[in-house]
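Asks: when you get a sec, could you give me coordinates for this:
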Amino acid sequence: MKIDLRSDTLTLPTPQMQEIMNKAPLGDDVYGEDPSVNALEEKAARMFGMEAALFCPTGTMTNQLAIKVHTRPGDEVICDKLSHIYLYEGGGIAMNAFSSVRPLEGDLGRITAKMVEENINNANDIHQPITRMVSLENTVNKGGGSIYDFNEIKKIKEVCHANGIILHLDGARLFNALIETDQTPLDYGKTFDSISICLSKGLGCPVGSLLLGKKSFIDQARRYRKAMGGGWRQAGALAAAGIYALDNHIALLKDDHRRAKEIGKMLAGNSWVEKVYPVSTNIILAQLPQNITSTDFVEKLKQNEVYCVSFGKHLVRFVTHIDFTDEQLEVLRTRLAF
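Replies: This is a model prediction of the structure:
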């Protein structure tokens, strides 16, 4: 039995999702005529209480579109040094927006309002870039699925508002945070100027992310999406999968988190593992001792048909998802016992 925990992007559509996809009404989205895409965008915007949404192929595209629209060449973006927009989007901030980055060192990828306030440049000093935007990530991939305290997010919003700074959320795994906290999508929609959410991770869709914000912002993002080659044609089948996932798969994230916590316990008892990061959602990070490399650990597990990824020289990542079952969890228990 193959157990693949490299990422929650590896999931396949469920039979029910495939059936919905096959029946989806189609049109040309570049012309704004795909009824399924329009329905998904309207549904997502309504869910977060925001004016409009834009369906895109990837979360990297939605993040990069947000940065491109919000900033001007030479501006600066504040984020944590573990942020996806900084580490894993191909230098897109420099390539697409011609902006620079002020990476801060927070706690498991989470920065504070005080840190933001202390790192805002003087807009009247011509030697410094203008601090135009703050980007948060929730949950934090590189932080082991860590969750922001929403009260801290509100404090960051206050700092941004007082200084005329845009606040963006990379919410690729936002629903993993929402299922564990008391907040709702509407709470986030009231707090952020723009939000990116992913459908192809924990929610189990084959493709797709959504960018949310004001209508004028989304109109400009749609123009840049076209310029980046992201214009859809008959994308309704993919959009229908997104609608199905938002209606049926959010609650299932609780099971992913429960299984992740069990894997954390298994790894804590593994002789090759020095430390397991706190497991809050569906991501498990295991720190290895200095005499064991992550590539060696990954290879050893691969021999037993268990797949994870290297996340640093002595760090490995496991991610639970909708295709990982309780039966596989019990098999994994025996394969991690060394």
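Asks: could you check the pLDDT of the nearest residue to residue 148 once chain neighbours are set aside?
Replies: Among residues not flanking residue 148 along the chain, residue 138 sits closest, at 4.6 Å (Cβ to Cβ, 6 or more residues apart in numbering). C-betas here are computed from N, CA, C, even on glycine. In this prediction, residue 138 carries a pLDDT score of 98.
Asks: do the same with residue 337
Replies: At residue 337, pLDDT is 89.
Asks: that one in helix, strand or coil?
Replies: Counting by DSSP: H, G, I helix; E, B strand; the rest coil, the backbone at residue 337 sits in coil.
Asks: show me what contacts it?
Replies: 266, 269-270 (Cβ atoms under 8 Å, 6 or more residues apart in numbering).
Asks: helices along this structure, start to end?
Replies: 15-23, 35-48, 59-70, 84-87, 92-97, 113-118, 150-162, 174-178, 185-191, 215-227, 236-248, 253-268, 294-302, 326-335 (DSSP state H).
Asks: residue contacts, the most centrally placed residue in the chain?
Replies: Compute the mean C-alpha point of the chain, and by Cα atoms, centre = their mean the closest residue is residue 172, 2.0 Å away. By Cβ under 8 Å, 6+ apart, the residues touching residue 172 are 59, 84, 137, 141, 196-198, 201, 209.
Asks: how about it, phi and psi?
Replies: Backbone dihedrals for residue 172, given as degrees, to the nearest 10, come out at phi -50, psi -40.
Asks: buried among the contacts of residue 337? Need that as a selection in ChimeraX.
Replies: Per 16 or more other Cβ atoms under 10 Å, the buried members of the contacts of residue 337 correspond to this ChimeraX selection:
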select :266
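Asks: report pLDDT for the nearest residue to residue 94 once chain neighbours are set aside.
Replies: Using Cβ to Cβ, 6+ apart and skipping residues adjacent in sequence, the residue nearest residue 94 is residue 100, 7.4 Å away. We have a pLDDT of 97 for residue 100.
Asks: ok, now the one 4 residues further on?
Replies: As predicted, residue 104 sits at a pLDDT of 98.
Asks: so how many other residues sit close to residue 229?
Replies: The tally of other residues near residue 229 (other Cβ atoms under 10 Å) stands at 8.
Asks: repeat for the one 4 residues further on
Replies: Burial measure for residue 233: 12 neighbouring residues, criterion other Cβ under 10 Å.
Asks: who does the spatially closest residue to residue 66 that is not a sequence neighbour bridge with?
Replies: Nearest residue to residue 66 in three dimensions, chain neighbours excluded: residue 194, at 4.7 Å (Cβ to Cβ, 6+ apart). On the basis of DSSP bridges, residue 194 takes part in beta bridges with residue 168.
Asks: may I see the buried residues of stretch 211-223?
Replies: 211-213, 217-218, 220-222.
Asks: residues touching that stretch, excluding its own?
Replies: Contacts of stretch 211-223 (Cβ under 8 Å, 6+ apart): 44-45, 48, 50-54, 56, 62, 65-66, 68-70, 189, 193-197.
Asks: now swap in stretch 236-244 and tell me
Replies: Taking Cβ under 8 Å, 6+ apart as the rule, stretch 236-244 contacts 13, 16-17, 20-27, 29, 34-37, 39-40, 43-44, 55, 199, 203, 205-208, 210, 232.
Asks: swap the cut-off to 6 Å and go again
Replies: The contact list for stretch 236-244 (Cβ atoms under 6 Å, 6 or more residues apart in numbering) reads 17, 20-21, 24, 26, 34, 36-37, 40, 55, 199, 205, 207-208.
Asks: next one: stretch 70-83
Replies: 85-86, 97-106, 109, 111, 116, 119, 129-135, 137, 142-143, 166.
Asks: that one: which residues count as buried?
Replies: In stretch 70-83, counting by 16+ other Cβ under 10 Å, buried: 70-71, 75-80, 82-83.
Asks: CSV for those residues, including pLDDT and distance to residue 161?
Replies: Listed next are the buried residues of stretch 70-83 as CSV, based on pLDDT from 0 to 100; distance: Cβ to Cβ, whole Å:
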residue, pLDDT, distance to residue 161
70, 98, 15
71, 98, 17
75, 98, 18
76, 98, 18
77, 98, 17
78, 98, 15
79, 98, 18
80, 98, 20
82, 98, 25
83, 98, 21
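Asks: sketch out the low-pLDDT regions of the stretch 51-200 of the chain for me.
Replies: The stretch 51-200 of the chain contains no residues with pLDDT under 70.
Asks: which of the helices of the chain is buried the deepest?
Replies: Most buried of the helices of the chain by mean neighbour count (mean count of other Cβ atoms under 10 Å) is helix 59-70; its value is a mean of 26.
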